[in-house]
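take a look and give me a structure for this.
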Amino acid sequence: MTNIVPIVSKLYCYSSETVLVVRRRPNVVNGGGFVVSECGSQSHRVVFKVDGCGVLGTKGELFLRDANGDALLLMRRKGGMVEALSIYNKWKGYSLEYEGLQDLVFSLKEPNSCLVKKNGIKISTEPRVDSKKGRDFEIRGHFPDKNCSIVDTRGNVVAQVGVNKEVEKLMASKDLYHVVVQPGIDQAFVFGVIAILDYIYGESTRC
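Numbers count the residues shown, from 1 in each chain. Just a heads-up that it's a prediction; the model follows:
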């Protein structure tokens with residue numbers, strides 16, 4: 001049986017490996033962000049959409065939406081003087097309930113100092129109402145090269161970002177890339193993390 005790891009919702013935990021395609025929206029079109037669709041299907045069905053600060057008008061804030069445009073996750077970067085002096089930049093990911101309530105589901109720490117650069121980007125999930133312990137993850141590789149992965153504490157790759165070689169031959173840029181998500185892993189969580197990486201490295205979600 002597949003070990004289900006729901007972080008945002010078990011609705012986005014599939015029993016088999018899934019390959020999804022990310023297509024960046026230019027900042028001049030719909031304010032930036034990206035669209036996630038199924039790979040291999042003729043319809044190219046949209047699964048998620050990410051709105052960047054060009055859409056929202058607020059820096060350091062991103063939304064992950066489902067195919068219908070309903071908000072699933074709000075990713076917000078902490079700010080202020082204390083944060084500016086911190087050795088880490090911190091992001092918080094909140095799931096959005098139907099009543100508009102925000103529930104913290106994960107935190108991401110990006111090294112903001114040469115003292116901790118070697119530590120890399122760390123992600124921790126928050127315990128849910130069932131009192132299960134949160135899980136920790138980290139980013140390995142280099143996102144701007146579209147060659148990185150989200151890895152759990154045991155070293156297992158839960159999601160891999162890459163560029164299809166056939167697509168790469170047709171496109172000079174990396175505006176189109178794929179993400180392989182392992183069975184049981186919450187895809188909404190994965191793309192919430194990827195949205196933050198996109199912003200950190202000044203890509204489609206950043207103004």
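
show me where the chain has strands.
Ranges of strands in the chain, per DSSP state E, are 18-24, 34-38, 46-51, 61-66, 71-77, 88-96, 102-111, 122-125, 136-142, 147-152, 157-162, 176-181.

which residues does stretch 151-165 contact?
When contacts are defined by Cβ atoms under 8 Å, 6 or more residues apart in numbering, stretch 151-165 is touched by residues 5, 135-141, 143, 146-150, 174, 176-182, 185, 190, 194. The way it works is simple: take the backbone N, C-alpha and C, and place the C-beta from them, glycine included.

so for that stretch, mean pLDDT?
For stretch 151-165, mean pLDDT is 90.

if you count neighbours, what's buried in that stretch?
Neighbour counts over stretch 151-165 (16 or more other Cβ atoms under 10 Å) mark 151-152, 158-162, 164 as buried.

CA atoms only: put it into PDB for me.
C-alpha atoms of stretch 151-165 as PDB (Å, rounded to 0.1, in the frame of the first residue of the first chain):
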ATOM      1  CA  VAL A 151      13.900  15.100  -0.200                       C
ATOM      2  CA  ASP A 152      12.600  13.800   3.100                       C
ATOM      3  CA  THR A 153      14.700  13.200   6.300                       C
ATOM      4  CA  ARG A 154      15.500   9.600   5.100                       C
ATOM      5  CA  GLY A 155      16.900  10.900   1.900                       C
ATOM      6  CA  ASN A 156      14.000   9.700  -0.200                       C
ATOM      7  CA  VAL A 157      13.200  12.000  -3.200                       C
ATOM      8  CA  VAL A 158       9.500  12.900  -2.900                       C
ATOM      9  CA  ALA A 159       9.400  15.200  -6.000                       C
ATOM     10  CA  GLN A 160      11.900  15.900  -8.700                       C
ATOM     11  CA  VAL A 161      12.100  19.000 -10.900                       C
ATOM     12  CA  GLY A 162      13.600  18.600 -14.400                       C
ATOM     13  CA  VAL A 163      13.500  19.500 -18.000                       C
ATOM     14  CA  ASN A 164      12.300  17.100 -20.700                       C
ATOM     15  CA  LYS A 165      15.200  16.800 -23.200                       C
END
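
about what we covered before: please convert the strands of the chain to CSV, extending it with distance to residue 10.
Converted to CSV, these look like this (distance: least, Cβ to Cβ, whole Å):
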stretch, distance to residue 10
strand 18-24, 14
strand 34-38, 18
strand 46-51, 15
strand 61-66, 14
strand 71-77, 13
strand 88-96, 12
strand 102-111, 13
strand 122-125, 14
strand 136-142, 18
strand 147-152, 18
strand 157-162, 15
strand 176-181, 14
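
looking at those, which is closest to residue 204?
Comparison of the strands of the chain against residue 204 by Cβ to Cβ identifies strand 18-24 as nearest, at 4.1 Å.
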